[in-house]
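**Student:** model this:
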Amino acid sequence: RREHKRPMRLIRLDEEQAVQILGLFAGIAYQMVIWWKGSLNIFDGVVLISIYAGYLWIMRHIPPKEVETLDEIGPVPRAIVLASKPVRITSILGLFLVGGAAVFLVAEPFLAGLFGLATLLGVSSYQFIQWVAPLVSEAPEGISAFYWAREHDRASIALMNLVSSNINQWTLLAALLPMVLSVSTGHPTAIPLDATQSRDLLLTLAQSLLGAMFLINMELAWWEALGLFVLFLVQLRYSLGDIGARVHL
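**Tutor:** Numbers count the residues shown, from 1 in each chain. Next up is the predicted model:
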């Protein structure tokens with residue numbers, strides 16, 4: 001509004017970003033198969049990883065639209081890029097290990113804190129963690145998307161940042177769950193879905209599919225974004241309310 005003297009009523013996507021939309025549809029499609037058969041096993045994990053690998057392979061072969069200069073990145077990544085190769089590799093590995101250790105150490109008390117907060121508020125801990133934990137754990141991702149969304153010519157990058165994250169969650173992240181469980185138990189183990197989990201998975205798939213369908217025309221209008229936000233608020237209200245154990249749809 002400040003630059004063009006009128007509100008930004010939609011976000012237009014670039015042609016090459018259609019790959020991410022197709023990747024999202026592929027992940028949702030196979031998750032529907034998992035919902036239909038009521039379990040997630042190692043074979044499903046292999047299929048999901050294959051979908052993610054194919055998505056990455058295609059993305060890797062898309063030529064860059066514009067070259068980012070060192071002046072456009074922050075001082076810390078710029079210092080790493082300009083460092084010698086041994087220092088650069090050591091820095092990247094060190095940051096990766098520190099980040100992984102932080103997640104490992106914080107995960108358990110973070111989950112315990114959510115259980116305690118749910119008890120304090122008098123709501124179902126299952127529903128509270130299901131809806132609130134993603135908001136907290138994905139806050140850094142949201143902040144990065146909001147950063148890109150400040151500029152109208154980069155708003156599509158912000159949107160695709162979230163779409164790419166959704167692809168990762170529906171494919172790679174979900175694929176690793178039965179594999180981690182199998183390693184923990186010492187033998188191949190599937191994750192069965194009970195009635196509540198099956199219903200919640202279907203609900204989440206339906207909302208993801210609606211969001212993906214909004215992007216088929218390579219744009220996201222303001223009313224589509226508002227509709228998705230209202231749907232989230234409605235589901236959150238009925239999940240955490242007194243009738244949350246009985247009503248989702």
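
**Student:** so where's the longest helix in this structure?
**Tutor:** As assigned by DSSP state H, the longest helix anywhere in the chain is helix 85-121.

**Student:** over to residue 62. Which of the three states is it?
**Tutor:** State at residue 62, reduced to three classes by DSSP: H, G, I helix; E, B strand; the rest coil: coil.

**Student:** so it touches residue 18, yeah?
**Tutor:** No: checked against CB atoms under 8 Å, the pair residue 62 and residue 18 is beyond contact range at 10.2 Å. The way it works is simple: take the backbone N, C-alpha and C, and place the C-beta from them, glycine included.

**Student:** thinking again about what came up before, quick one: the helix or strand that comes right after the longest helix of the chain to chain centroid distance?
**Tutor:** Proceeding N to C from helix 85-121, the next assigned helix or strand is helix 125-137, under DSSP states H and E. Using CA atoms, centre = their mean, to the nearest Å, the mean C-alpha position of helix 125-137 is found 14 Å from that of the whole chain.

**Student:** now for helix 125-137, which elements pack on it?
**Tutor:** Judged by 3 or more CB pairs under 8 Å, 6 or more residues apart in numbering; DSSP states H and E, the packing partners of helix 125-137 are helix 85-121, helix 222-240.

**Student:** could you export those as a markdown table, including mean neighbour count and distance to residue 3?
**Tutor:** Output for the helices and strands packed on helix 125-137, formatted as a markdown table (neighbours: other CB atoms under 10 Å; distance: least, CB to CB, whole Å):
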| stretch | mean neighbour count | distance to residue 3 |
| --- | --- | --- |
| helix 85-121 | 11 | 35 |
| helix 222-240 | 14 | 17 |
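
**Student:** for residue 183, find the nearest of those.
**Tutor:** helix 85-121 (15.7 Å; CB to CB).

**Student:** list the helices and strands that closest one packs on?
**Tutor:** On the basis of 3+ CB pairs under 8 Å, 6+ apart, helix 85-121 makes packing contacts with helix 75-82, helix 125-137.

**Student:** kindly reformat the helices and strands packed on helix 125-137 as TSV containing distance to residue 79 and mean pLDDT.
**Tutor:** Formatted as TSV, those follow (distance: least, CB to CB, whole Å; pLDDT from 0 to 100):
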stretch	distance to residue 79	mean pLDDT
helix 85-121	8	88
helix 222-240	37	84
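
**Student:** reformat the ones you listed as TSV; add distance to residue 169.
**Tutor:** Below are the helices and strands packed on helix 125-137 laid out as TSV (distance: least, CB to CB, whole Å):
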stretch	distance to residue 169
helix 85-121	16
helix 222-240	16
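
**Student:** I'd like the distance between residue 123 and residue 199.
**Tutor:** Distance check for residue 123 against residue 199: by CB to CB, to the nearest Å, it reads 18 Å.

**Student:** between these two, point out the one with more neighbours.
**Tutor:** Neighbours were tallied for residue 123 and for residue 199 using other CB atoms under 10 Å; the higher tally belongs to residue 123 (19 against 14).

**Student:** phi, psi of the more buried one?
**Tutor:** phi -120, psi 170 (degrees, to the nearest 10).

**Student:** residue 162 and residue 139, how far apart?
**Tutor:** Applying CB to CB, the value for residue 162 to residue 139 is 13 Å.

**Student:** distance from the longest helix of the chain to the middle of the chain?
**Tutor:** Taking mean C-alpha positions (CA atoms, centre = their mean), helix 85-121 and its chain are 17 Å apart.

**Student:** tell me which residues in the lowest-mean-pLDDT helix or strand in the chain are buried?
**Tutor:** Sorting the helices and strands of the chain by mean pLDDT, DSSP states H and E puts helix 125-137 at the bottom, at a mean of 75. For helix 125-137, the neighbour count (16 or more other CB atoms under 10 Å) marks 126, 127, 128, 129, 130, 131, 132 as buried.
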